[in-house]
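[1] Structure for this input, please:
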Amino acid sequence: MIRETATIGLGSNLGNPIDQIERAIEAIDSLPLCRVVAVSGLYANPPIGPQDQPDYVNAVAEIETSLGPEALLRALKGLERAAGRSFTRHWGERMLDLDILAFGRREMHTATLTVPHPELANRHFVLAPWLEIRPDATLPDGRRLADLLAAVADHPLRYIRPIDRARDAGDDVAGAQPARRTGRPADRAPRPSRRPS
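    Modelled structure (predicted):
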C-alpha cells in the first residue's frame, strides 16, 4: 500500500490549548492508516483575526498515511468535531483547528481542499514550526520554506516547549519508531521562554 507524507498544522485557543494540541497529536497517530513521524514544539501567538480572543497555541506534525487527501481531511474534521469545535466567526475562536498544509508533492484544488494550504506562505506560526522539523522543506513549486519565513510579515511568536508525547509512549507497537522531535525552534523563531505557559 502506497504511503505518502502529509504535513498538518494544529491550532487551539479555547479550553486548555496545550492539552488540546497534545491530545490531537495522539488522536492523529491513532487514525487508521496514519502514523505521526515528526512533531514540532508548541508556539504561542496572537490571533490573526479578531483581537478580542485568546492567543493561539500552534504546532506542526508530519505524518505518513495511506489515506488520500480528501479522506484525511474528513478524518481530521472528525477529530475537530470530537474536540468540540464550533464555528463562531471567520478567524474566530477554535477549540481545535487541523489543517492539511501539504500532501506529498501534490498540488490540488477541490471544493473542500486546497494543497498546499493557500495561506501558509503568510503565516509565521506555520512556517517556523514546520521548519523546526523539516529545515530543508520546499513546496511543490520549488519555493523554500526558509525563504518564505525570511520574507513573511513579522508576527509575534513565542516558543513554549516541546510537545509531550510521553503519555502514549507505552502504547507504541514493538519495534515502531517514535515520532521525531527536535526540541529546537526554527531560525528566526523566538528562543524558548522561561515564563510559565
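[2] shaky segments in the protein?
    85-92, 166-197 (pLDDT under 70).
[3] what's in contact with stretch 139-150?
    Under the criterion CB atoms under 8 Å, 6 or more residues apart in numbering, residues 102, 105-107, 116, 120-121, 124, 127-128, 130-131, 134-138, 186-188 lie in contact with stretch 139-150. No exception for glycine: its C-beta is placed from N, CA and C like everyone else's.
[4] could I get that stretch in CSV with only the CA atoms?
    Output in CSV follows, covering the C-alpha atoms of stretch 139-150 (Å, rounded to 0.1, in the frame of the first residue of the first chain):
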residue,chain,number,x,y,z
LEU,A,139,6.8,23.5,-1.7
PRO,A,140,5.8,21.6,-4.9
ASP,A,141,6.5,24.8,-6.9
GLY,A,142,10.1,24.8,-5.6
ARG,A,143,9.9,27.6,-3.1
ARG,A,144,11.9,27.0,0.0
LEU,A,145,10.1,27.5,3.3
ALA,A,146,13.2,29.1,4.8
ASP,A,147,12.9,31.9,2.1
LEU,A,148,9.2,32.3,2.8
LEU,A,149,9.9,32.6,6.6
ALA,A,150,12.5,35.3,5.9
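[5] Buried residues of it, list them for me.
    Leu139, Leu145, Ala146, Leu148, Leu149 (16 or more other CB atoms under 10 Å).
[6] List the buried residues of stretch 30-43.
    So stretch 30-43, judged by 16+ other CB under 10 Å, has buried residues Leu31, Cys34, Arg35, Val36, Val37, Ala38, Val39, Ser40, Gly41, Leu42, Tyr43.
[7] Then stretch 44-53?
    Here stretch 44-53 shows Ala44, Asn45, Pro46, Pro47, Gln53 as buried, counting by 16+ other CB under 10 Å.
[8] follow-up on the earlier one: with secondary structure and distance to Glu64 added, can I get the buried residues of stretch 30-43 in CSV?
    Listed next are the buried residues of stretch 30-43 as CSV, based on DSSP: H, G, I helix; E, B strand; the rest coil; distance: CB to CB, whole Å:
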residue, secondary structure, distance to Glu64
Leu31, coil, 11
Cys34, strand, 7
Arg35, strand, 5
Val36, strand, 8
Val37, strand, 6
Ala38, strand, 10
Val39, strand, 13
Ser40, coil, 16
Gly41, strand, 21
Leu42, strand, 22
Tyr43, strand, 23
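[9] Closest one of those residues to Arg3?
    Comparing the buried residues of stretch 30-43 against Arg3 with CB to CB places Arg35 closest, at 8.4 Å.
[10] No further queries at this time; thank you.
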